[in-house]
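>>> what shape does this take:
(one chain, ligands or ions: 2)
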Amino acid sequence: ATADADLTDTIVQPRVVTGRGPATLRAEAVSAWFGDHKVLDRVSLTMPARQVTALIGPSGCGKSTFLRILNRMHELIGSASLAGRVLLDGDDIYDCGRRITHARREIGMVFQKPNPFPAMSIYDNVVAGLKLNAIKAGRDGKDDLVEECLTKAGLWKEVKDRLRQPGGALSGGQQQRLCIARSLAVRPRVLLMDEPCSALDPTSTRRIEETIAELKSEVTIVIVTHNMQQAARVSDTCAFFLASHGTPGVIVEHGDTDAMFNSPQDERTSDYVNGRF
Ligand code: ADP
Ligand code: MG
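Ligands and ions are numbered 1, 2, ... in the order given. Presented below is the predicted three-dimensional model:
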């Protein structure tokens, strides 16, 4: 039903792939609830274009919820509600006139568990990124796009001779890079990554980190990670979320990653980044 709704949406209001480059995403006083359980309390954060922003903090403090709010996935959960605004280069993605598909296309998402379509070919997995958003491309256009996206995801050399093999035949790390390629097919302006390496081995993790470093000139990246070394390695800006004693999640501290790790202002940040809780 969702796919149909998305297609209808796009046909009514066709949009060309713009490729306008990375945008700055800003959350303003975002609060979130599941039923009457409040899980985020007035969270504000700027995630600058051409930077990687890391969201860190203990489990259950609302990082995934915050990420879903950033591309309007939160509202698909029946019991969920929210307050506040999310601005993409100043435009409110929740404006009544704006369609959910618009936000979804501009702001892609990669999840913890790689989720390519396992029976679909590597080639078709990338093209599926377009189909999901009802974007048409000619045959040649598609070949170029598939190569471009797989290259950007750091996977092209490994798969160029077996594009017709099923996505499910790839290793976990390759599947995650395939998912990144699929997200890139619509030329999103922001890419949200929810613990993208948690299910991967150290070598695959390194490859994803290299890909992130290369991608950030083209797409704003927001990454949730439990790995402090990873946050320190890949991010420019960092935000520390905390939900203490059943209170809703808040950002305790945010700013330049080096400063957060080397001279945290809040004792709780210091404890967390140094592995003390
Ligand atoms: P994190 O990603 O930081 O671990 P989450 O955003 O997943 O945190 O969860 C924040 C809070 O919201 C938790 O208390 C969690 O139990 C609750 N929560 C998350 N998803 C749902 C949901 N679909 N329905 C109800 N509660 C949820
Ligand atoms: Mg989470």
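
>>> how about the residue nearest the centre of the chain, phi and psi?
The chain has Leu192 as the residue nearest its centroid, 1.0 Å off, counting by CA atoms, centre = their mean. Torsion angles at Leu192 (phi, psi; degrees, to the nearest 10) stand at phi -100, psi 130.

>>> what sits against it?
Leu67, Leu70, Asn71, Ile107, Gly108, Met109, Val110, Val222, Ile223 (CB atoms under 8 Å, 6 or more residues apart in numbering). (Glycine included, C-beta is placed from N, CA and C.)

>>> switch to 6 Å and redo it
By CB atoms under 6 Å, 6 or more residues apart in numbering, the residues touching Leu192 are Leu67, Leu70, Met109, Val222.

>>> so which of these comes closest to ligand 1?
Relative to ligand 1, the closest of these is Leu67; by CB to the nearest ligand atom it sits at 7.7 Å.

>>> for the closest one, list the residues it contacts.
Contacts of Leu67 (CB under 6 Å, 6+ apart): Leu192, Asp194.

>>> and it, which of the three is it?
Counting by DSSP: H, G, I helix; E, B strand; the rest coil, the backbone at Leu67 sits in helix.

>>> if I look at it, how far off is Leu40?
Look at Leu67 and Leu40: by CB to CB, to the nearest Å, they are 11 Å apart.

>>> return the residues of the protein in contact with ligand 1.
Proximity of the chain to ligand 1, by CB under 6 Å from any ligand atom, involves residues Phe34, Val39, Ser59, Gly60, Cys61, Gly62, Lys63, Ser64, Thr65, Ile77, Ser79.

>>> and those, which two are furthest apart?
The largest distance within these, taken as CB to CB, falls between Ser59 and Ser79 and amounts to 19.8 Å.

>>> now do the contacts for Pro188.
Contacts of Pro188 (CB under 6 Å, 6+ apart): Glu106, Ile107, Gly108, Val219.

>>> dump those residues to TSV, plus distance to Gln165 and neighbour count.
Shown next, in TSV, are those (distance: CB to CB, whole Å; neighbours: other CB atoms under 10 Å):
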residue	distance to Gln165	neighbour count
Glu106	31	23
Ile107	30	26
Gly108	24	23
Val219	27	23
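
>>> turn the residues you listed into CSV, including secondary structure and pLDDT.
Putting these into CSV (DSSP: H, G, I helix; E, B strand; the rest coil; pLDDT from 0 to 100) gives the following:
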residue, secondary structure, pLDDT
Glu106, helix, 92
Ile107, strand, 94
Gly108, strand, 94
Val219, coil, 96
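
>>> check contacts around the residue nearest to Ala213 when sequence neighbours are not counted.
With sequence-adjacent residues excluded and distances taken as CB to CB, 6 or more residues apart in numbering, Ala213 is closest to Val234, at 6.6 Å. The contact partners of Val234, by CB under 6 Å, 6+ apart, come to Val52, Glu209, Ile212.

>>> and the helix or strand encompassing the second one, what's buried?
For Glu209, the element it lies in under DSSP states H and E is helix 202-215. Taking 16 or more other CB atoms under 10 Å as the basis for neighbour counts, the residues of helix 202-215 that come out buried are Ser204, Thr205, Arg207, Ile208, Glu209, Thr211, Ile212, Leu215.
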